[in-house]
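Peer 1: 3D model of this:
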Amino acid sequence: MTMRGESDYLLANARIVQPDRVIECGSILVAAGRIARVSEDRHEPAGAAVEKLDLTGTTLWPGFIDVHIHGSTGVDTMAATADDLLRISRYLATQGVTAWLPTLVPAAAAQYSSAVKAIQDLMKEGVAETARLANAARVLGVHYEGPFVSDAQCGALHTEFFQDYSGPHDVAALPVPELPGALRMTTVAPEINGGIELVRELSAQGWIVSIGHTRASVAVLDEAYTAGARHLTHFMNAMPPLHHRSPGPVGWGLSHDDVTCDIIADGVHLDPLMLRLLLKMKSPERLTLISDAIAAAGMGDGDYQIWGETISVAHGRTQNAQGSIAGSVISMLDAVRMMLSLGASEVDVARMASLNPARLLHLDHDCGSIEEGKRADLVALDPSGNVRLTMIGGVVAFEC
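Peer 2: Predicted structure coming up:
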């Protein structure tokens, strides 16, 4: 592996996945960290001041964006320092991820504060553009998975830290990175006491509100929608299964075209047949891929101490002592490979892995697709789906 410094590049002779088509052989001119030109001319001259990278045999995708990830490579976001988070960011760059949202589970206030301080410290380095972040995926802010969720659908989350909502001070108690542009996302169950008021307050404050770990009725979900919730967290997981007399969150999510869902495409959280069904019923325009990865991701099978308990990993499946699935050990690259193996088109998979998460985070004006003027966040995959190059903001962060 090598890492190059900032430069202007001509990425030549690659297939290019755009929002509406695939260019079978073209080039991308990268200047000042952005996509200056997308061309179908394989013989385009590089120019004297531009470094040419020949990507023959690869396909260029928009960089993947992971909005729900708890850790990787032995690092848990709940216990991480800024250096630890940087380790995750560097690993993610090798997996084609160019931006991510560190995700926190319900915990004590002191642990929240420590975790968010680490996130803020690393984001400050990003603003300062320190050299050691050149080969690392961008940290975008924070995602709280809870604490305002349902005891009845706790999954692997620790219920002793769950809360009802009693007023704006409960939102103010959640520490967030105090930086311009830092994103704030949270997963809530609208049926908790005060849940609809919570959704309304979060939406008014600019939080991205997602519904999850919930048993809410359709009536309550409709209220949450009116209050500002438009997304569902790890759809079909940590919610009751679809029932013909009680459609619940699954039926509600499937029936609303203006509600989006994120999914864990690891073949464990959702059977491949269900993934195919969601592609047909919900469509790629409304699905976002997430990893929901925990600290054990990238580490192999074994037992790991995470969130104060032992989580076992065997054959790609996580399990806590109660027998519940406890996150995943995939990366966004694995999710992309899974969806391609199920027959989804490259255009549709790029939408689910890049453009849709960018839209969820209100960043699609700046990234998430290969279009002129957008950030040069790009990943080149070989025909086997291996990462050959990752570019983040016009800097080659990983090259193999």
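Peer 1: What's the separation between residue 249 and residue 145?
Peer 2: 15 Å (Cβ to Cβ, to the nearest Å). Heads up, the C-betas are built off the backbone N, CA and C, glycines and all.
Peer 1: actually residue 123, not the one I typed
Peer 2: In terms of Cβ to Cβ, residue 123 sits 19 Å off from residue 145.
Peer 1: and what of residue 370?
Peer 2: For residue 370 relative to residue 145 (Cβ to Cβ), the value is 30 Å.
Peer 1: Any idea how many residues pack against residue 264?
Peer 2: Residue 264: 25 surrounding residues under other Cβ atoms under 10 Å.
Peer 1: Settle this for me: it is touching residue 288, isn't it.
Peer 2: No - using Cβ atoms under 8 Å, residue 264 is not in contact with residue 288; the gap is 10.6 Å.
Peer 1: And the helices in the stretch 301-400 of the chain?
Peer 2: Under the criterion DSSP state H, counting those that start in this stretch, the stretch 301-400 of the chain contains helices at 332-341, 346-350, 356-360.
Peer 1: In three-state terms, label residue 251 for me.
Peer 2: Classification of residue 251 by DSSP: H, G, I helix; E, B strand; the rest coil places it in helix.
Peer 1: which one is it nearest to, not counting chain neighbours?
Peer 2: Of all residues not flanking residue 251 in the chain, residue 242 sits nearest, at 5.5 Å (Cβ to Cβ, 6 or more residues apart in numbering).
Peer 1: Spit out the contact partners of residue 342.
Peer 2: Listed by Cβ atoms under 8 Å, 6 or more residues apart in numbering, the contact set of residue 342 reads 272, 275-276, 279.
Peer 1: tell me which of those is nearest to residue 293?
Peer 2: residue 275 (17.6 Å; Cβ to Cβ).
Peer 1: my read: the closest one touches residue 263, true?
Peer 2: Yes - contact criterion Cβ under 8 Å: residue 275 and residue 263 qualify, at 7.1 Å.
Peer 1: Looking at these two, which is more packed in?
Peer 2: Legend: neighbour count by other Cβ under 10 Å for residue 275 and residue 263, higher for residue 263 (26 against 22).
Peer 1: Helix or strand: which one has that one?
Peer 2: Using DSSP states H and E, the element containing residue 263 is strand 260-264.
Peer 1: Residues contacting that strand, please?
Peer 2: 67-68, 210, 230-237, 253, 269-270, 275, 278, 282, 286-292, 328, 330, 335, 356-357, 360.
Peer 1: now swap in stretch 389-400 and tell me
Peer 2: 1-9, 11, 30-34, 53, 55, 58, 63, 93-94, 96, 98, 134-138, 375-380, 386-388.
Peer 1: what's the pLDDT at the residue nearest to residue 337 when sequence neighbours are not counted?
Peer 2: Spatially, and ignoring its direct neighbours in sequence, residue 337 is nearest to residue 385 (4.7 Å; Cβ to Cβ, 6+ apart). pLDDT, residue 385: 97.
Peer 1: Then residue 134?
Peer 2: 88.
Peer 1: Now do the helix or strand where residue 11 lies: distance to the chain's middle.
Peer 2: Assigned by DSSP H and E, residue 11 belongs to strand 9-17. For strand 9-17, the separation from the chain centroid amounts to 25 Å (computed by Cα atoms, centre = their mean, to the nearest Å).
Peer 1: Within its sheet, name the partner strands of it and how each one runs.
Peer 2: strand 22-31 (antiparallel), strand 51-54 (parallel), strand 59-62 (parallel) (DSSP bridges).
Peer 1: Show me the contact partners of it.
Peer 2: For strand 9-17, using Cβ under 8 Å, 6+ apart, the contacting residues are 22-30, 38, 42, 44, 46-47, 50-56, 58-62, 346-347, 350, 370, 376, 378, 380, 391, 394, 396.
Peer 1: same deal with stretch 107-118?
Peer 2: The contact list for stretch 107-118 (Cβ under 8 Å, 6+ apart) reads 77-82, 84-85, 102, 104, 142, 147, 158, 161, 173-177.
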